[in-house]
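J.: quick one: sequence and predicted model below, then my questions.
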Amino acid sequence: MPARRPQNWLSRALSGRRPNAETDLEHCPNCDRDFVYPVEWEPVSKESWWMLLRCAECDTWREATVPNAIADRFDVELDRRADVMHRALQKIDREQMVASANTMIAALRHNLIDAADFS
Ligand SMILES: [Zn+2]
């Protein structure tokens, strides 16, 4: 059986499906945002997990005990979001390196620095 793809905010929006805080753990039942992340978690059986969840938007805390399928979906969703943040950080790093290189090039062109500055 193929793995179920997680539904992200765009596919949910296009489907008209409302997120459910009991199955879409990243969804906050208090503020309706999807900024919930796990603070602590542990297996309670072979088939379920207990989690302490916190919403980064409104600071609502809640506990949830969920079956493996929901925990797995949440894990995939968190990985997807971490990947988005990682790519954004890499883009920022590249932009900062380009800005630093351009500053160095301008300083060299205007004779503001020379080899003696690096000895
Ligand atoms: Zn919230």
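T.: Perfect, thanks for sending it. Residues are numbered from 1 along each chain as shown.

J.: tell me the average confidence for the lengthiest helix in the chain?
T.: Ranked by residue count under DSSP state H, the longest helix found in the chain is helix 68-109. Across helix 68-109, the average pLDDT comes to 95.

J.: check which helices and strands it is in contact with.
T.: Under the contact criterion of 3 or more Cβ pairs under 8 Å, 6 or more residues apart in numbering; DSSP states H and E, helix 68-109 touches strand 36-43, strand 48-55. Just so you know, the C-beta spots here come from the backbone N, C-alpha and C atoms, and that holds for glycine as well.

J.: residues in contact with the first one?
T.: Residues from elsewhere that reach strand 36-43, judged by Cβ atoms under 8 Å, 6 or more residues apart in numbering: 21, 25-28, 49-56, 61, 71, 74, 78.

J.: rewinding a little: now the helices and strands packed on helix 68-109 in a markdown table, with mean pLDDT?
T.: A markdown table is the format used below for those (pLDDT from 0 to 100):
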| stretch | mean pLDDT |
| --- | --- |
| strand 36-43 | 97 |
| strand 48-55 | 98 |
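
J.: for residue 81, which non-adjacent residue is closest in space?
T.: The shortest distance from residue 81 to any residue other than its chain neighbours is 7.8 Å, reached at residue 26 (Cβ to Cβ, 6 or more residues apart in numbering).

J.: okay, now that neighbour: neighbour count?
T.: Number of residues near residue 26 (other Cβ atoms under 10 Å) recorded here: 22.

J.: please name the residues that touch it.
T.: Taking Cβ under 8 Å, 6+ apart as the test, what residue 26 contacts is 34-37, 74, 77-78, 81.

J.: now residue 67, nearest residue through space, not along the chain?
T.: Using Cβ to Cβ, 6+ apart, the nearest residue to residue 67 is residue 48, at 5.3 Å.

J.: quick one: the one you found and residue 70, what's the gap?
T.: From residue 48 across to residue 70, the span is 9 Å (Cβ to Cβ, to the nearest Å).

J.: between the two, point out the one with more neighbours.
T.: residue 70 (18 against 15).

J.: how far away is the residue nearest to residue 67 from residue 39?
T.: Per Cβ to Cβ, residue 48 is found 18 Å from residue 39.
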